[in-house]
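>>> Here is my input, please return the structure:
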Amino acid sequence: MIKRTFKHLRTKIFAGILVVLPLGITLLVLNFVFNTLDNILAPLFPHITFSLFEREFIIPGMGIISFFILLYLFGIIATNVLGRQVVARGDRLFAAIPVVKNIYTASKQLTDAFSATRKGSFRQAVFVEFPQGGNYMLGFITNEVSDVKDERRVTVFVPTAFVPPQGFLLFLPKEKIILSRMTIEDAIKTIMSVGIVTPQNLSALLPGTESNHESSETFGEIKYPYPKTEGGH
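Numbers count the residues shown, from 1 in each chain. This is a model prediction of the structure:
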């Protein structure tokens with residue numbers, strides 16, 4: 001009886017830890033970021049105070065507000081011609097500094113990847129058989145080209161997990177492409193989290209799935225046939 005009670009308590013307490021731990025870590029990180037930015041940036045701006053019971057209180061958060069104002073100003077600078085030239089020179093400067101260039105370049109590639117995603121450079125989430133038969137990787141259609149025989153090829157970028165700016169660029173015939181109705185955002189989350197944050201439904205018909213018919217889907221004026229599956233006709 002005591003052993004069963006102890007096991008019950010241990011199980012429930014552990015389950016409680018699993019629930020509270022992510023929330024606690026999130027709050028600690030947010031609190032650290034909030035206080036750090038507030039302490040750094042708040043002295044640069046006038047304090048906003050209010051009186052209560054003959055005491056003056058400083059309104060917190062001015063550092064955070066100032067931080068977002070600075071980000072907005074940097075955004076304005078970076079989106080005009082002169083600002084882009086300044087940013088480009090800054091990129092070259094940091095890329096020339098040993099040690100710093102590795103960190104800066106990796107961070108720059110990561111932000112560029114997400115910037116490209118927002119601009120629609122990734123057209124569609126797909127699955128491709130790579131690097132060997134029977135293994136399927138998640139990738140993105142980036143373009144459609146023709147070879148010397150004027151046969152259509154689809155360019156697919158297959159990012160690697162954890163470091164998505166790195167990956168493989170494949171030129172595949174349309175028959176090798178398995179379309180997925182997964183959104184670009186969900187596909188990126190899947191790759192970044194190494195599959196931990198993945199939709200319950202991959203929204204794709206992968207080989208090995210039982211199906212009674214062969215189907216296809218049209219995207220970008222190209223008809224992509226779903227591969228024949230086991231049990232299909």
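
>>> Please make it C-alpha for all contacts and neighbour counts, starting now.
Fine.

>>> which residues in the chain form strands?
Along the chain, the segments classed as strands by DSSP state E run 49-52, 55-58, 124-129, 136-146, 152-159, 167-172, 177-179, 216-219, 222-225.

>>> Tell me where the model's unsure across this structure.
Counting by pLDDT under 70, the chain shows low-confidence ranges at 18-19, 22, 41-64, 106-107, 109-120, 162-165, 208-233.

>>> go with 90
By pLDDT under 90, the weakly predicted segments of the chain are 1-124, 130-136, 142-152, 159-169, 174-177, 179-233.

>>> Where does the record place the domain boundaries for this structure?
Per automatic domain parsing, the domain ranges recorded for the chain read 2-58, 124-225.

>>> For those, could you give me JSON lines that also reports mean neighbour count and distance to Leu70?
Formatted as JSON lines, the entries for those read as follows, by neighbours: other Cα atoms under 10 Å; distance: least, Cα to Cα, whole Å:
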{"stretch": "domain 2-58", "mean neighbour count": "12", "distance to Leu70": "10"}
{"stretch": "domain 124-225", "mean neighbour count": "16", "distance to Leu70": "27"}
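
>>> Tell me which of those sits nearest to Asp91.
Across the domains of the chain, Asp91 has its closest neighbour in domain 124-225 (17.0 Å, Cα to Cα).

>>> circling back to that earlier point, okay if I get the domains of the chain as TSV plus distance to Gly75?
Shown next, in TSV, are the domains of the chain (distance: least, Cα to Cα, whole Å):
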stretch	distance to Gly75
domain 2-58	18
domain 124-225	22
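
>>> Could you work out which of those domains reaches nearest to Gly90?
Minimum separation from Gly90 across the domains of the chain (Cα to Cα) falls at domain 124-225, 20.5 Å.

>>> Select the longest helix from this structure.
Within the chain, and with DSSP state H defining each element, the longest helix by residue count is helix 2-41.

>>> before we move on, back to that, how about the domains of the chain, which one is nearest Lys101?
Taking those one by one with Cα to Cα, domain 124-225 is closest: 15.8 Å.

>>> ok, Lys189 - contacts?
Taking Cα atoms under 8 Å, 6 or more residues apart in numbering as the contact definition, Lys189 lies against 197-198.

>>> Now with 6 Å, please.
Counting by Cα atoms under 6 Å, 6 or more residues apart in numbering, Lys189 makes contact with nothing.

>>> got it, and Leu169?
156-157.

>>> if I look at it, how far off is Thr160?
In this view, Leu169 and Thr160 are 11 Å apart by Cα to Cα, to the nearest Å.

>>> Repeat that for Ile40.
Counting by Cα to Cα, the separation of Ile40 from Thr160 is 36 Å.

>>> and if you look at Val81?
Taking Cα to Cα, one finds Val81 at 33 Å from Thr160.

>>> ok, now Ile69?
Distance, Ile69 to Thr160, using Cα to Cα: 35 Å.

>>> now Val100
Distance of Val100 to Thr160, given as Cα to Cα: 23 Å.
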